[in-house]
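Visitor: predicted model and sequence below, questions to follow.
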Amino acid sequence: MEVEDKLKALSAAAQFDICGYSGPRDFLPSAQRFIYRSTLPGGGSVCLFKVLLTNVCMNDCAYCVNCVTRDFPRRAFQPEELARAFMQLYQRRMVRGLFLSSGVADNPTRTMEAMVKTVEILRYRYKFKGYIHLKILPGAAFDCVAEGCRLADRVSVNMEAPTVQHLARLSKRKDLHRNIVEPMQWVKKLKASDEGLVPSGQTTQFVVGAAGETDLDLLRTTSALYHEVELRRAYFSPFRPVRDSPLEGLPPANPLRAHRLYQSDWLLRVYGFPLNEVELALGEKGNLSLKKDPKLIIAERQPWLFPVDVNRASYGELLRVPGVGPVSAQRIIEARREHSIDSMLQLRKMRVVTSRAAPYIWFQGMLEWEKQASLIPHLDEEPELTLSMALG
Ligand code: SF4
């Protein structure tokens, strides 16, 4: 019963970490609420046991359910206990991997050592070879981070806010450079010294809308992290006020804002757009439009790039066309080695969203496009940049 009680409390608290988040869990039977289907970096998906080692935390992050100032029952697993609980779920085939995070119980290194110990027990005693995502606690010592990197498939340090000034509004105890950026640099160096370490790389998370940051602040820091610490990806978690927390009165962030950030991040990370081009999507106050896809805005603000000749354009030029993604751009290039492209129907078969692309492309016989487009049913159009794709 005691373990079940801890499971309930510590898996519920873990849902506030968005990495692998797959929507509200309240509708699920209690035994399944700590199981998350997460997309794997190399494709495919896996059911993860997502849990905190403890919800005791000495830190004061104003948005967080585990903030030290909140008064609620705190729980903690012992490493042995948590490893055993995981193995029981694994042997019952309820989960295939682990996402282990934690509050900072007393001292970041000591708490992280207990997390690493849990993973060691799984790897060495139970011979568990499956996927493990290990959270690095801000302020944990290098040796402990290095040991975690030797054992985990993926690690993450949550940034939470994009600048020193914004983090200072959320926590008086966290130092962005020393506690967060430095461990990210350690992970990069460890990976450089041994390619096999942390095969799924490192990620981070931002809480969106808690510190008065703009989308420009978030995208600039995200872009810098991709370049400087080889971040694999960033997650954007819309702020939700927590009862009895310092930010209880702040309104929740619009989830659509996070969606637009994911779309812009996708342009940076997958399409390879430079930051200054993605910045074209921002309004005067440095925020993305909630009404329009950022890629469409970027295209509208660079009219001299269009129309693109689909029979001659480079991969990069095709990628800038709304309605064309990496898959369809590649298919266009491959198809035109065999024949020229002269109809919307051909493009639709290559997964181009022709209703979006039509104003931005050109091919011989294009004058017919409106007629052709109106004749084609629009049922199977590929949504170009959905949240689930961005999360994938
Ligand atoms: S360190 Fe983590 S668990 Fe603790 S208050 Fe901050 S965000 Fe919450």
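Guide: Okay, I see it. Residues are numbered from 1 along each chain as shown.

Visitor: rest of the way, CA atoms for contacts and neighbours
Guide: Will do.

Visitor: which residue ranges make up the domains of this structure?
Guide: 2-253, 303-391 (automatic domain parsing).

Visitor: these: lowest mean pLDDT?
Guide: Per-segment mean pLDDT for the domains of the chain reaches its minimum on domain 303-391, at a mean of 81.

Visitor: show me how far it is from its chain's centre.
Guide: 28 Å (CA atoms, centre = their mean, to the nearest Å).

Visitor: could you dump the domains of the chain into JSON lines and include distance to the ligand?
Guide: Output for the domains of the chain, formatted as JSON lines (distance: least, CA to the nearest ligand atom, whole Å):
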{"stretch": "domain 2-253", "distance to the ligand": "4"}
{"stretch": "domain 303-391", "distance to the ligand": "21"}
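
Visitor: what's the most buried one of those?
Guide: domain 2-253 (a mean of 19; mean count of other CA atoms under 10 Å).

Visitor: my guess is G139 contacts N179, does it?
Guide: Yes. Proximity of G139 to N179 meets the contact threshold set by CA atoms under 8 Å, at 4.3 Å.

Visitor: helices of the stretch 151-300 of the chain, residue ranges please.
Guide: Under the criterion DSSP state H, counting those that start in this stretch, helices of the stretch 151-300 of the chain are mapped to 164-170, 182-193, 215-228, 255-269, 275-278, 294-300.

Visitor: which helices and strands does the third one pack with?
Guide: Contact here means 3 or more CA pairs under 8 Å, 6 or more residues apart in numbering; DSSP states H and E; on that basis helix 215-228 packs against helix 255-269, helix 275-278.

Visitor: check the gap between the residue most central in space within the chain and T109 for me.
Guide: Centrality entry for the chain: nearest residue to the mean C-alpha point is Y235, 2.9 Å, by CA atoms, centre = their mean. According to CA to CA, to the nearest Å, Y235 and T109 sit 25 Å apart.

Visitor: can you pull the contacts of L52?
Guide: L10, S11, A13, A14, L100, S101, S102, G103 (CA atoms under 8 Å, 6 or more residues apart in numbering).

Visitor: got TSV for those residues, with distance to Y271 and secondary structure too?
Guide: Formatted as TSV, the contacts of L52 follow (distance: CA to CA, whole Å; DSSP: H, G, I helix; E, B strand; the rest coil):
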residue	distance to Y271	secondary structure
L10	37	helix
S11	35	helix
A13	34	helix
A14	31	helix
L100	31	strand
S101	31	strand
S102	34	coil
G103	36	coil
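
Visitor: closest to L282 among those residues?
Guide: L282 lies nearest to A14 out of the contacts of L52, by CA to CA, at 32.4 Å.

Visitor: ok, that closest one touching L53?
Guide: No. Using CA under 8 Å, A14 is not in contact with L53, being 9.5 Å away.

Visitor: so what sits against both of the two?
Guide: Contacts common to A14 and L53, judged by CA under 8 Å, 6+ apart, are S101.

Visitor: most tightly surrounded among the helices and strands packed on helix 215-228?
Guide: Mean neighbour count (mean count of other CA under 10 Å) peaks for helix 255-269 among those, with a mean of 22.

Visitor: ok now it, how far from the chain's centre?
Guide: Worked out by CA atoms, centre = their mean, helix 255-269 lies 10 Å from the chain centre.

Visitor: who are the packing partners of it?
Guide: helix 215-228, strand 233-238, helix 275-278, helix 294-300, helix 387-391.

Visitor: who touches the longest one?
Guide: When contacts are taken as CA under 8 Å, 6+ apart, the neighbours of helix 215-228 outside the stretch itself are 161-163, 206, 231-234, 261, 264-265, 268-269, 275, 279, 282, 286-288.

Visitor: work out for me the element K50 sits within.
Guide: strand 45-52 (DSSP states H and E).

Visitor: what pairs with that strand, parallel or antiparallel?
Guide: Paired neighbours of strand 45-52 in the sheet (DSSP bridges): strand 35-39 (antiparallel), strand 97-101 (parallel).

Visitor: now those strands as CSV including distance to E195?
Guide: Listed next are the strands paired with strand 45-52 as CSV, based on distance: least, CA to CA, whole Å:
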stretch, distance to E195
strand 35-39, 22
strand 97-101, 22
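
Visitor: the ones you listed: which one's closest to I341?
Guide: strand 35-39 (34.9 Å).

Visitor: now that closest one - C-alpha only, PDB.
Guide: Taking C-alpha atoms only, strand 35-39 is exported to PDB below (Å, rounded to 0.1, in the frame of the first residue of the first chain):
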ATOM      1  CA  ILE A  35       2.400   5.300 -18.100                       C
ATOM      2  CA  TYR A  36       3.200   7.600 -21.000                       C
ATOM      3  CA  ARG A  37       3.500   6.800 -24.600                       C
ATOM      4  CA  SER A  38       6.500   8.600 -25.800                       C
ATOM      5  CA  THR A  39       7.900   8.900 -29.300                       C
END
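
Visitor: now stretch 274-294, how far from the centre of its chain.
Guide: 19 Å.

Visitor: so for it, mean pLDDT?
Guide: The model assigns stretch 274-294 a mean pLDDT of 97.

Visitor: what's the first-to-last distance across it?
Guide: End-to-end distance of stretch 274-294: 14 Å, with CA to CA as the criterion.

Visitor: contact partners of that stretch?
Guide: By CA under 8 Å, 6+ apart, stretch 274-294 touches 214-217, 219-220, 223, 256-257, 260-261, 263-264, 267-268, 295, 297-298, 301.
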